[in-house]
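Colleague: Fold the following for me, if possible:
(chains A and B)
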Amino acid sequence: NAGVTQTPKFQVLKTGQSMTLQCAQDMNHEYMSWYRQDPGMGLRLIHYSVGAGITDQGEVPNGYNVSRSTTEDFPLRLLSAAPSQTSVYFCASSIGGFGYNEQFFGPGTRLTVL
Amino acid sequence: AQKITQTQPGMFVQEKEAVTLDCTYDTSDPSYGLFWYKQPSSGEMIFLIYQGSYDQQNATEGRYSLNFQKARKSANLVISASQLGDSAMYFCAMREGGGYGQNFVFGPGTRLSVLP
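Modeller: Residues are numbered from 1 along each chain as shown, chains lettered A, B, ... in the order given. Here you go, the predicted model:
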């Protein structure tokens, strides 16, 4: 199993550009989520999905869109990049449901917006 | 209000000694889970240990143990016999509720440095 994969690993954008961060998992996990990590602030939830066709907002959703057409894929779209979106982005997945459900994280995407 | 508080931005410990990383949480939900993750300088997030709110015993995983004090809403991570490879950021996280759609909330992290 590849686990959770993310592409690209690094990306530089200009203000106003759009792009999609890709996330895929091969563990048949129902729950997937996107976080951003800024220095000194830990991880903050952007959007999450509890299954194909179902998404919801997290703590910091503005400027980002998601969709979940398949169980495996959960792309994150930046509509019009801003310098404030410079961050490291992590995708994670878990089996969902009650009780213990470890989140498996992807390796992260380091995004710089100029 | 902060749901997860980690009051130690940085900690130092001598190799082979034990260290405790503090974590307090805030929730009114009776069903929740507490997690600790390690993030080395390479950037990946590594799951360490889990404690459920209904678990009667403190969780242990090898050199990691979780000192769970429910009444004080405290879930401190204890690392025994520290190793140089333990130098990393450590994040405490909480998952509230018992069903789908539950979010993980992370604390700001503690940077642990193990000294030779």
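
Colleague: Checking residue A:84 next. Helix, strand or coil?
Modeller: Under DSSP: H, G, I helix; E, B strand; the rest coil, the three-state class of residue A:84 is helix.

Colleague: wait, what's in contact with it?
Modeller: Contacts for residue A:84 (Cβ atoms under 8 Å, 6 or more residues apart in numbering or on different chains) come out as residue A:113. C-beta here means a position set from N, CA and C on the backbone, and glycine is covered the same way.

Colleague: Check residue A:34 too.
Modeller: A:21, A:23, A:45-48, A:58, A:64, A:66, A:74, A:76, A:89-92.

Colleague: Chain B next: which of the residues you listed are close?
Modeller: A:45, A:48, A:58, A:90, A:92 (Cβ under 8 Å from any Cβ of the partner chain).

Colleague: hang on, the earlier thing: which among the contacts of residue A:34 gets closest to residue A:37?
Modeller: Closest approach to residue A:37 among these (Cβ to Cβ): residue A:90, at 6.4 Å.

Colleague: Look at that closest one and tell me its secondary structure.
Modeller: Per three-state DSSP, residue A:90 ends up strand.

Colleague: Number of residues surrounding it?
Modeller: 25 (other Cβ atoms under 10 Å in any protein chain shown).

Colleague: buried residues in stretch A:23-31?
Modeller: A:23-25, A:29-31 (16 or more other Cβ atoms under 10 Å in any protein chain shown).

Colleague: Can you flag which of those belong to strands?
Modeller: Of the positions in these, A:23-25, A:31 sit in strands, assigned by DSSP state E.

Colleague: Now the two most distant members of those.
Modeller: A:24 and A:31 (14.5 Å).

Colleague: Identify the bridge partners of the residue nearest in space to the middle of chain A.
Modeller: The centre of chain A sits closest to residue A:34, judged by Cα atoms, centre = their mean, with a distance of 2.7 Å. Beta-bridge pairing for residue A:34 (DSSP bridges): residue A:47, residue A:91.

Colleague: One more: residue B:49?
Modeller: Here residue B:49, judged by DSSP bridges, has bridge partners residue B:36.

Colleague: what's the neighbour count on it?
Modeller: 21.

Colleague: Check the contact between it and residue B:61; I expect there is one.
Modeller: Yes - assessed by Cβ atoms under 8 Å, residue B:49 is found in contact with residue B:61 at 4.8 Å.

Colleague: What parts of chain B come near chain A?
Modeller: B:4, B:9, B:31, B:33, B:35, B:37, B:43-45, B:47, B:50, B:52, B:91, B:93, B:95, B:98-101, B:103-109.

Colleague: what's the following helix or strand after the lowest-mean-pLDDT helix or strand in chain B?
Modeller: Between all helices and strands in chain B, the lowest mean by mean pLDDT, DSSP states H and E belongs to strand B:104-106, at a mean of 86. For strand B:104-106, the following helix or strand on the C-terminal side (DSSP states H and E) is strand B:110-115.

Colleague: Give me the contact list for that following strand.
Modeller: B:6, B:8-15, B:19, B:21-22, B:79, B:82-90.

Colleague: just to revisit the earlier point, can you pull the pLDDT of the residue nearest to the centre of chain A?
Modeller: Model confidence at residue A:34, given as pLDDT, is 95.

Colleague: likewise residue A:50?
Modeller: 87.
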